[in-house]
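Sequence first, predicted coordinates after that:
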Amino acid sequence: MSAIKKFAGQTAIYGISTVIARFLNFFLTPVYVGLYSPKVYGIFSLMYSWASMFNALLAFGMETTYFRYLNKYENDKQKVYNNTFFTVSLIAFTFLLFSFLFVGDIAAWMQRGTVYDPDYARYIKYFIYILVADVLAVIPFAKLRADGRSIRYSIIKFTNIVTFIGLNLLFIFVFPMIIKEGWFGAEYLTDWYREGWVGYVFISNLIASLITLLLLMPELLKLTFSYDISLLKEMLVYSLPVLIANISFIINENIDKVFLGQLLPAEIAEQEVGIYAACYKIAVFLSIFINAFRLGAEPFFFSQAKNKNATETYARIMDYFVIAVSLIFVFLVANIELLKYFIYKKDASEQALYWSGLKIVPILLFGYVSLGIYINLSIWYKLSDQTRYGLYISGIGAILTIILNIIFIPKFSYMASAWISLTAYTVMMILSYLWGQRNYPIPYKLKKNIIYLLASICIVFVAFVVFDRNLIVGNALFLIFTVTILFTERKEIKLILGTK
């Protein structure tokens, strides 16, 4: 139980830092929208969409591989650290070399035949540097998590976000004010500063990424220049399915927005994508908890693998996780009439359009519930070195997402995308459970967990549909649900708190 308390404490630290980071990033969204035209903001969005895909590719699944091989080679942790870091570094610098050779071609291709903008090449160069800096930080960050140094991990991540935001505000607001008011340095800034240039966002990101690498220098200095080729071959066999599974996951997360833009009539496509993307932001509140859980869970699960009661520990954590996501799911839906102001617009007609999409939020939220349970379940194939199953499961999810979106988007628009997202994640969750119990049995309390999930769905249906999102009724139901869980789980709660 002490191990679970430690895990809960570290997850809480990751959770607080993740919540703060997400909210600070959300703060920049209205700033960008207010400053840049839709066309310029499109450049910004496109660059970061590509970056998210390349991040997964360049990391090559080595983060998960690092945790697994620390567990397998407890007496050779330094060798594992060296191998994973230098593998990622080799991939990163190879990418750096080849991508720089084709920057102009990439820029021309991304502009799709429009008048060539030389700034595009600059943007791409910035992002190449950002990607390399970020991928070099992956394994040092994994080391901090494996060593249980969640506070240091969170401080560095928080510093990265604060630096990024601070530099954005400097470029967007402070420098123009200095020039306008003729303050000290105005003449110098006038020589090079370009007001409203989106490239400053990317420069801010690059500087923040480089500062992060500097803060990770103590971990980087612990590297030794030794490389075990035989161990590397074994690691690559393990990590390759993880890489492909990660790419499939990115497809599940992002391809629906692409299809909405391509499969709907041109006159409504952008509007429908906008409504879907805006309402998706409310569902992101649950993904914050899931991400915090993942940061704490992955190293913890691997560290517990050799304990004789490991499977019982995993099952108990699943119980707590299901309770937590069920409560968050109900709470968010109960308060959707407040959360909808997160996508507030002054124009009444535009506001009505955005809020017309609120009906997809409960669907997206339960999709995240299924995804979180799948992430919890996925430990079985990572611990048993059967990562090919991760590839199969994510691949099936990606195929479902692609085929069903193509079939149903033309008729049902973003409602189809929401239900398909839920369907894909639920199928992945069920497959992982069935294959896992066959290959690496864990004594999950299936009936109990299903009861909590079904109860949360029923409460959400009553609050959202029957009582039409009434705040008082929704929160009353949430309170009843919470009290019921506290009473039912009172013995477990006492054990965790150490009062029994």
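Here it is on my side, so go on. Numbers count the residues shown, from 1 in each chain.

from here on, contacts and neighbour counts on C-alpha atoms
Noted.

distance of residue 145 from residue 267?
Distance of residue 145 to residue 267, computed by CA to CA, to the nearest Å: 48 Å.

And the residue nearest in space to the middle of the chain, how far from residue 240?
Nearest to the mean C-alpha position of the chain, by CA atoms, centre = their mean, lies residue 291 at 6.1 Å. With distances taken as CA to CA, residue 291 is found 22 Å from residue 240.

Would you mind measuring from residue 367 to residue 287?
Here residue 367 is placed at a distance of 10 Å from residue 287 (CA to CA).

next one: residue 317
18 Å.

Below-threshold pLDDT in the stretch 401-500 of the chain: ranges please.
495-500 (pLDDT under 70).

residue ranges for the strands of it, please.
Using DSSP state E, counting those that start in this stretch, no strands are found in the stretch 401-500 of the chain.

which secondary structure elements does the top helix by length along the chain contact?
When the chain is parsed with DSSP state H, its longest helix is helix 388-439. Helices and strands touching helix 388-439, by 3 or more CA pairs under 8 Å, 6 or more residues apart in numbering; DSSP states H and E, are helix 229-263, helix 266-303, helix 361-377, helix 379-383.

could I get the ones you listed as JSON lines with distance to residue 335 and mean pLDDT?
What follows is those, written out as JSON lines (distance: least, CA to CA, whole Å; pLDDT from 0 to 100):
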{"stretch": "helix 229-263", "distance to residue 335": "25", "mean pLDDT": "80"}
{"stretch": "helix 266-303", "distance to residue 335": "11", "mean pLDDT": "76"}
{"stretch": "helix 361-377", "distance to residue 335": "11", "mean pLDDT": "92"}
{"stretch": "helix 379-383", "distance to residue 335": "33", "mean pLDDT": "85"}
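
of residue 145 and residue 267, who's got more company?
Taking other CA atoms under 10 Å, residue 145 and residue 267 do not tie; residue 145 has more neighbours (24 against 8).

Contacts only, for the residue nearest to the more buried one when sequence neighbours are not counted.
Excluding the flanking residues, the one nearest residue 145 by CA to CA, 6 or more residues apart in numbering is residue 299, at 6.5 Å. Shown in contact with residue 299 (CA atoms under 8 Å, 6 or more residues apart in numbering): 67, 145-146.

Take the residues you listed and keep only those in helices.
Using DSSP H, those in helices are 67, 145-146.

what number of residues lie near the closest residue to residue 144 other than its chain neighbours?
Nearest-residue entry for residue 144: residue 153, 6.1 Å, with adjacent residues in sequence omitted and distances by CA to CA, 6+ apart. Per other CA under 10 Å, the neighbour tally for residue 153 reads 20.

same deal with residue 246?
22.

Make 54 the first number, not 1, from now on.
In the new numbering, first residue 54, that becomes residue 299.

any idea how far residue 106 is from it?
Residue 299 is 9 Å from residue 106, by CA to CA.

Residue 448: what's it in contact with?
Contacts of residue 448 (CA under 8 Å, 6+ apart): 298, 301.

make it 10 Å
297-302, 304-305, 442, 454, 481 (CA atoms under 10 Å, 6 or more residues apart in numbering).

so the residue nearest to residue 197 is in which element?
Using DSSP states H and E, residue 206 falls within helix 203-222.

Which positions in whatever helix or strand comes next after that helix come out as buried?
Per DSSP H and E, helix 203-222 leads on to helix 228-234 as the next helix or strand towards the C-terminus. In terms of neighbour count (16 or more other CA atoms under 10 Å), helix 228-234 has its buried residues at 228-229, 231-232.

Which neighbouring elements make contact with helix 228-234?
helix 239-245 (3 or more CA pairs under 10 Å, 6 or more residues apart in numbering; DSSP states H and E).

thinking again about what came up before, chain center to the longest helix of the chain, what's the gap?
18 Å (CA atoms, centre = their mean, to the nearest Å).

Relative to residue 435, how far out is residue 114?
Residue 114 is 11 Å from residue 435, by CA to CA.

Now for residue 318: which residues touch it?
Residues counted as contacts of residue 318 (CA under 10 Å, 6+ apart) are residue 463.

mind running it again at 7 Å?
Contact analysis of residue 318 by CA atoms under 7 Å, 6 or more residues apart in numbering lists nothing.

what's the answer for the one 4 residues further on, then?
Residue 322 makes contact with 313-314 under the criterion CA under 7 Å, 6+ apart.
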